[in-house]
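**Q** mind looking at a prediction? Sequence and model below.
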Amino acid sequence: MCGITGYISLDNTITQSDLKKATSLIQYRGPDAEGFYFSEDNKVGLGHRRLSILDLSVTANQPMFSADGRYCIIFNGEVYNFNELKERLKNKGITLKTTSDTEVILELFAEQGCACFEKMNGMFSLAIYDIIQNKLTLARDHIGIKPLFYYHTEKELIFGSELKVIKAIKNKSLSINKNSIPYFLHLGYIPEPLTIYNDVFKFSAGSYWQIDLQQHSSIQKNITTYWDPVDKITAASLMNEITAKKELKDLLINSVEKQLISDVPVGTFLSGGVDSSLITVIAASITSHKIKTFNIAIDDGKYNESEYARAVAKKIGTEHYEFNVKEKEVLELIDRLLPTYDEPYGDPSAFPTMIVSQQAKKNVTVTLSGDGGDELFMGYGFYQWAKRISNSAIPLIRWPLYGMSKLMSQRLQRAGQMFAYPNKHNIITHIFSTEQYYFSEQELANLLPSIPFNFYSLNDIPPTARNLTAVENQALWDLTSYLKDDLLVKIDRASMQSSLETRVPLLDYRIIEFSLNLHQNLKINKNGTMKYLLKEVLYDYLPQELFNRPKTGFRIPLDKWMRTDLRYLVDKYTSKEIIEKHSLVRYEIVERLKKEYYAGKNYLYNRLWLIVILHWWSESNEL
């Protein structure tokens, strides 16, 4: 796990000191070593910060050069099948000088070129420079676990693990991409390929980009997809429960086993829920020593589920660390939120994730997390709504249902919003946004005075080998957008702030491909049990009664805090002065929203939080 930076500057406007300064800003991503490579003409520069996980010796530091000296690599992440790939290289007579996965990737690329990326099972963003042919290759892992951003013009390319790298070099040239703002207010995050800046993009997951500077006098954009989940959907889905359960269990065991490989201590995040408990119990069954597990409890009874994690840890027999956190400790993280995420980011679960990462780092350098289970095996309430709204009778009765809901309780008012979708094509993000308490398209049309938006392409699901149900479409979108651009962003930035590597065994691309072709009835069974098959595997290890409770998620009492401790943020960043200064949203709409919230409409808190974050970011990043 590391941080990478780099540039191509055909007119030599970027200096070595520029890159070194930018790389220093992500020191926490790799506190163990720093390294740079610059081409003889200074038109290409590569920077690296290392967090040592495999082969702790200096010989494994980066940038690293291939045995023949032709290729230079900087790499962020882990490739878990590197030992298998290493054997292939050894069988071809290739000798390696380290025990790191970085060298394996480098020599594999030297042998196979870009064909190697699809074979790499792991999480990665990387750059490889061909010194002889003057060719730079960028690549990102299958599902986008590790981040990669880039700024691109005809004469310049700047890339890095975080946006702050690009901003440090190009600050005076950057401008705010106002077209990204509707997406943020609708989703709570800015989806790939957009960022908050013009000309700056999120690199596509499952893709690579080769830039040939020998053949072209400008930087040609030609990003190629090597893996796409849509292409992995087969004509028929797996329906046999016995066969499916055995295959899933084997895949899970193999994935966890590979992801436990490390030369530094490894533990797991344990919330007591299905996903983290399954990863933990499999890890405990594989290793000979006690697994370290980590959980936090916020001193608000509504959100304190530490008893469940404690019960699971006791049953498994882990070395359990439970951190009781006062509300004040969470609130003290407020000032770190914006610098950590670099652009407007609205997921409040980032706060507890940062805290549990800080605490875990005191005992381990690597943690395993259960992220991905809900998207792959249908664990969200989104999916029940997708099924309901796909009913052929809904178009006939949805407006009467919506009208009646406005006269009912807050819970039913919120539920009624589901039926107020603008059109059937955009139903996926409408369901997501409504479930998350964010702004609907109708609300955005009133809120945004001068920013046009269209979510049509955001809701597009390409043709697949079989006709997907509405529920499957919703889950596929969650996998390729919500998981990648919100949840994985959260865990990467929150954990790397503490120089902690977090791995996600459920997102082994083989498990993803398996889940895409698992029949829907084995995800949500006829009784409405969500994540059915995943739970059946879990119950081979742990008693079912440990998990007989409603799903709650990793939350903080934000709705309460915005009325009390965080009221000052609401007052400041929704003030007429600041709203009108930035002219992004209509002040009168925000003021009405605020009055309704403080009058008792609690479900509006997330909408208000997004307005606060947007203007907080705008005040802190005036260009």
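**A** The structure has been received and is ready for your questions.

**Q** and this structure, what are its domains?
**A** 2-227, 232-378+490-547, 557-623 (automatic domain parsing).

**Q** of those, which is nearest K406?
**A** domain 557-623 (11.8 Å; Cβ to Cβ). Yep, even glycine has a C-beta here, placed from its N, CA and C like the rest.

**Q** same list (the domains of the chain) but as JSON lines, adding mean neighbour count.
**A** Shown next, in JSON lines, are those (neighbours: other Cβ atoms under 10 Å):
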{"stretch": "domain 2-227", "mean neighbour count": "20"}
{"stretch": "domain 232-378+490-547", "mean neighbour count": "19"}
{"stretch": "domain 557-623", "mean neighbour count": "17"}
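
**Q** tell me which helix or strand comes right after the lowest-mean-pLDDT helix or strand in the chain.
**A** When the helices and strands of the chain are compared on mean pLDDT, DSSP states H and E, helix 327-331 comes out lowest with a mean of 81. Counting by DSSP states H and E, the next helix or strand C-terminal to helix 327-331 is helix 334-341.

**Q** other SSEs contacting that next one?
**A** Here helix 334-341 touches helix 350-361, helix 488-496, helix 605-620, going by 3 or more Cβ pairs under 8 Å, 6 or more residues apart in numbering; DSSP states H and E.

**Q** how about T95, phi and psi?
**A** phi -100, psi 130 (degrees, to the nearest 10).

**Q** okay, now the sheet partners of the helix or strand containing I73, with direction.
**A** According to DSSP H and E, I73 maps onto strand 71-79. Strand pairing for strand 71-79, using DSSP bridges, gives strand 64-65 (antiparallel), strand 122-130 (antiparallel).

**Q** for the helices and strands packed on helix 334-341, which one sits closest to K581?
**A** Among those, if distance is taken as Cβ to Cβ, the winner is helix 605-620, at 8.3 Å.

**Q** quick one, the closest one and helix 334-341 angle?
**A** Using axes from the mean of the first three to the mean of the last three Cα atoms, to 10 degrees, the inter-axis angle of helix 605-620 relative to helix 334-341 is 80 degrees.

**Q** tell me the mean pLDDT for helix 605-620?
**A** Mean per-residue pLDDT for helix 605-620: 96.

**Q** what sits against N254?
**A** N254 makes contact with D508 under the criterion Cβ atoms under 8 Å, 6 or more residues apart in numbering.

**Q** how about the secondary structure of it?
**A** The three-state assignment at N254 reads helix, by DSSP: H, G, I helix; E, B strand; the rest coil.

**Q** repeat for G69
**A** coil.

**Q** so who does the nearest residue to it once chain neighbours are set aside touch?
**A** Spatial nearest neighbour of G69, excluding adjacent residues (Cβ to Cβ, 6 or more residues apart in numbering): I131 at 7.4 Å. Contacts for I131 (Cβ under 8 Å, 6+ apart) come out as 39, 69-72.

**Q** what about I131, distance to A420?
**A** Going from I131 to A420 by Cβ to Cβ, to the nearest Å gives 58 Å.

**Q** with S57 instead?
**A** Distance from S57 to A420, by Cβ to Cβ: 60 Å.

**Q** go on, S498?
**A** The value you get for S498 to A420, if Cβ to Cβ is used, is 42 Å.

**Q** residue closest to the middle of this structure?
**A** L488 (1.7 Å; Cα atoms, centre = their mean).

**Q** confidence score at that residue?
**A** For L488, the model assigns a pLDDT of 98.

**Q** thought it was touching D371?
**A** Yes. With contact defined as Cβ atoms under 8 Å, L488 counts as touching D371 (6.8 Å).

**Q** and for the two, which residues touch both?
**A** V504.

**Q** list phi and psi for E156.
**A** phi -140, psi 140.

**Q** next: S515.
**A** Torsion angles, degrees, to the nearest 10, at S515: phi -70, psi -40.

**Q** and for N177?
**A** Taking degrees, to the nearest 10 as the convention, N177 sits at phi -90, psi 90.

**Q** again, but for V230
**A** Dihedral angles (degrees, to the nearest 10) for V230: phi -60, psi -40.

**Q** same check on the one 10 residues further on?
**A** Here is the backbone geometry of N240 (degrees, to the nearest 10): phi -80, psi 110.

**Q** could you measure it against L533, distance?
**A** Separation of N240 from L533 (Cβ to Cβ): 11 Å.

**Q** now swap in H186 and tell me
**A** 32 Å.

**Q** over to F323?
**A** F323 is 32 Å from L533, by Cβ to Cβ.

**Q** gap between the spatially closest residue to I132 that is not a sequence neighbour and H615?
**A** Among residues not flanking I132 along the chain, R70 sits closest, at 5.2 Å (Cβ to Cβ, 6+ apart). Taking Cβ to Cβ as the measure, R70 falls 50 Å from H615.

**Q** check S207 too.
**A** As judged by Cβ to Cβ, S207 and H615 stand 34 Å apart.

**Q** cool, I176 as well?
**A** Counting by Cβ to Cβ, the gap from I176 to H615 is 12 Å.

**Q** then S52?
**A** 40 Å.

**Q** got phi/psi on T367?
**A** According to degrees, to the nearest 10, T367 has phi -130, psi 150.

**Q** ok, now which ones touch it?
**A** By Cβ under 8 Å, 6+ apart, the contact set of T367 is 266-269, 294, 357, 360, 495, 500-503.

**Q** ditto for I73
**A** By Cβ under 8 Å, 6+ apart, I73 lies in contact with 62-66, 102, 105-106, 109, 126-129.

**Q** beta partners for it?
**A** Applying DSSP bridges, one finds that I73 bridges with M64, I128.

**Q** quick one: it from S52, how far?
**A** I73 is 16 Å from S52, by Cβ to Cβ.

**Q** same check on E118?
**A** From E118 over to S52 (counting by Cβ to Cβ), the distance is 27 Å.

**Q** please enumerate the strands of the stretch 501-623 of the chain.
**A** 501-503 (DSSP state E, counting those that start in this stretch).

**Q** quick check: which ranges of the stretch 501-623 of the chain have low pLDDT?
**A** 552-554, 623 (pLDDT under 70).

**Q** repeat that for the chain.
**A** For the chain, the ranges with pLDDT under 70 are 1, 300-304, 552-554, 623.

**Q** backbone phi and psi for G45, please?
**A** phi -140, psi 140.

**Q** so what's it up against?
**A** Neighbours of G45 in contact, by Cβ under 8 Å, 6+ apart: 6-7, 9, 14, 16, 19, 36-39.
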